[in-house]
Structure formats: C-alpha cells, structure tokens
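In: fold the following, please.
(one chain, ligands or ions: 1)
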Amino acid sequence: LIKKKVYSKKSEFQDILICDSFAYGRMLLLDGLTQVTEADEFIYHEMIVHVPLIIHKNPRKILIIGGGDGGALKQSLLHKSAEITVVEIDKEVPFLCQKYLPKICGQVFKNKRAKIIIGDGFKFIKECKQAFDIIIVDSCDPIGPAKKLFSQEFYQNVFQALKDDGLAVYQSGSLFAQCQEIKQIFFRNKKFFPFVNIYLLDVPSYGEGAYVFTLASKKINPLKVSLNQIRNKFNKISGKTKYYNPEVHLASFVLPQFIKEHLS
Ligand code: SAM
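Out: Numbering: from 1, shown residues only. Predicted coordinates:
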C-alpha cells in the first residue's frame, strides 16, 4: 500500500505518519491507523458535513471536534451562513496537513469564517451551553486522547452545547468490525436525544466495508426531511460535491437487517 514515507513524528499525543501510497495518493496515519487520503477523503468529509447541515434549517454556528486535517472544515465552508470553530487537540496535525496535504485542506484554516482552537474537545464542550446548531465529532477511534469523546458524559455535554433544534454527528467506525462500538454510541446518545440514527457510506482506504456515522438530533427527525427539502438546501451549497447528493443522502439511512436488530 505504502510507496514512500514523507514525514513522521511522535507528537505529544500520537505517532504521526504522512506517506505516499500506490492507490490513494498522499495519506495521514495516526498511531498506525489511516485517517485521511487524498483520493477518497471527499466521501468521508462530504457525508459527515452535508448530511447534518442540510437537515438543519439554517446552520450558522458549527463546532468541529478533531478534524485537524481540515477536510470537514473545507466542506462546512460551502455553506455560506456557517461560522465554524475547530477544536483540535494536536497542533501538529493542522500544521503538518497544511504543509504536506494541501490538496485536502488548501487554505481553509485561514478563512475568515473559521476559528481554530488548539485544545481538548472534551474540556472545551463542558463550557458551552446552547451555543451550536451543529456539532461534528471528527475524531480518531476510541483510543488515546479521543477515548473520552465516546463517553456518556461527553454526549450529555454535546446535548447541552447544542441549541434547541441542534444536531450532532459522530464518526462511529466500521459497520462490521466495530459493531459493538456503534451500539454503544447509539444507546449512549439515546439517553439524551429523542432522535438517534445511523447512516452509511463507503471509505475504500479504510478497507473495512460500510462505514457508519451516528446522527443525534434534539428536535428534527432526520427521517422526516423530504427529498424536495433536501434538494432545495443542496442547490444553495456554494460548490460542487463528488459523493453527496440528495438521493445518496436519503439512501444512506437505509440499513441492513442485522444492524436494525442490534439497534432496536
Ligand atoms: N477521518 C478520521 C478518522 O479516521 O476517523 C478522523 C481524522 S481527524 C485527523 C482526527 C483528529 O482528532 C486528530 O487530528 C486528533 O488529534 C483529534 N483528536 C483526538 N482526540 C481529541 C480530543 N480529545 N479533542 C480534540 N481533538 C482530538
């Protein structure tokens, strides 16, 4: 898979590796796990951003926890009304991504509608009350500094940090390989949010089949948003998507039987 190592470093929080690959272009790995690749980052980032931002009527205040590669920020900026705060724990990640992965983040960290805070998302969110329309948790797997971002306490704080009609989205792992984690995220959120749904996408470089994002909503039932409403909002995005479209949006909520049973 890997053609050439480009840069590696042990930061305060994790092992960072940037390398060139045969099939996916340049990629970022943290603690040995693939985070983003130039070739397929658009799938992950379009789906983690546009699904919640299109379901919400008028998303203005967006919080991204993690997301130091800038990919989720880039997609959020396509929504003209959005002001985005990114809270990333490891300052090396945005620094190195700007240097070695400009195809993914470009100049997004310098955008006037973006604010970058270097800090722990778990601590940051404790101080926020009714502050955000959308919270995007674009974190690593539940190890190291990201572990707390999968706790019940964190989900309660996410609930409190959202406005009354707010939505949160969590990257939740592989449908097949991380089924137990997906169940845990789902039921922990169910304790606070009236609407919790998972939706599916494919990220080829993760190599584990269908991938899951969990959507937790305070007021809007995501399954009741019609294709026409989605199309209207989609037409207002200022830029083109390569994976996301209104039909993919609706289809991504269709689930195989085994996971429906796990979550019922
Ligand atoms: N697409 C990715 C994946 O594979 O799931 C996630 C990418 S993004 C690079 C994940 C980021 O979350 C990392 O840069 C990491 O430093 C950051 N992170 C981990 N724990 C965090 C925390 N507690 N607060 C803020 N950021 C955190």
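
In: format the CA atom coordinates belonging to the longest helix anywhere in the chain as CSV.
Out: Using DSSP state H to define each element, the chain has its longest helix at helix 41-55. The C-alpha trace of helix 41-55 is given here as CSV (Å, rounded to 0.1, in the frame of the first residue of the first chain):
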residue,chain,number,x,y,z
GLU,A,41,-11.3,12.0,1.7
PHE,A,42,-14.2,13.7,-0.1
ILE,A,43,-16.5,10.7,0.6
TYR,A,44,-16.0,10.9,4.4
HIS,A,45,-15.9,14.7,4.6
GLU,A,46,-18.9,15.4,2.4
MET,A,47,-21.0,12.9,4.3
ILE,A,48,-20.0,14.0,7.8
VAL,A,49,-20.8,17.6,6.9
HIS,A,50,-23.6,17.9,4.4
VAL,A,51,-26.0,15.4,5.9
PRO,A,52,-26.4,17.3,9.2
LEU,A,53,-26.1,20.8,7.7
ILE,A,54,-28.7,20.1,5.1
ILE,A,55,-31.1,18.5,7.6
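
In: what about residue 260, how many neighbours?
Out: By the criterion of other CB atoms under 10 Å, residue 260 has 11 neighbours. Using the backbone N, CA and C atoms, a C-beta is placed for each residue, glycine as well.

In: phi and psi next, for the residue of the stretch 1-150 of the chain found nearest the ligand.
Out: Closest contact between the stretch 1-150 of the chain and the ligand, by CB to the nearest ligand atom, is at residue 66 (2.8 Å). Dihedral pair for residue 66: phi 90, psi -140, per degrees, to the nearest 10.

In: what residues does this protein put near the ligand?
Out: Within the chain, the positions near the ligand by CB under 6 Å from any ligand atom are 13, 30, 35-36, 44, 65-69, 87-90, 93, 120-122, 138-140, 145-146, 149, 171.

In: which ones among these lie within helices?
Out: 44, 93, 121, 122.

In: between those residues, which is closest to residue 243?
Out: residue 44 (8.8 Å; CB to CB).

In: what is the neighbour count of the closest one?
Out: 26.

In: ok, the closest residue to it other than its chain neighbours - how many residues close by?
Out: Of all residues not flanking residue 44 in the chain, residue 203 sits nearest, at 5.3 Å (CB to CB, 6 or more residues apart in numbering). Applying other CB under 10 Å, we find 20 residues neighbouring residue 203.

In: and whatever helix or strand residue 154 lives in, what other elements does it pack with?
Out: Element membership for residue 154, per DSSP states H and E: helix 152-161. Helix 152-161 makes packing contacts with helix 121-126, strand 132-138, helix 179-190, strand 210-217 when contacts are defined by 3 or more CB pairs under 8 Å, 6 or more residues apart in numbering; DSSP states H and E.

In: any idea which of those is most buried?
Out: strand 132-138 (a mean of 26; mean count of other CB atoms under 10 Å).

In: check contacts around residue 139.
Out: Applying CB atoms under 8 Å, 6 or more residues apart in numbering to residue 139 gives the contacts 65, 66, 121, 146, 149, 170, 171.
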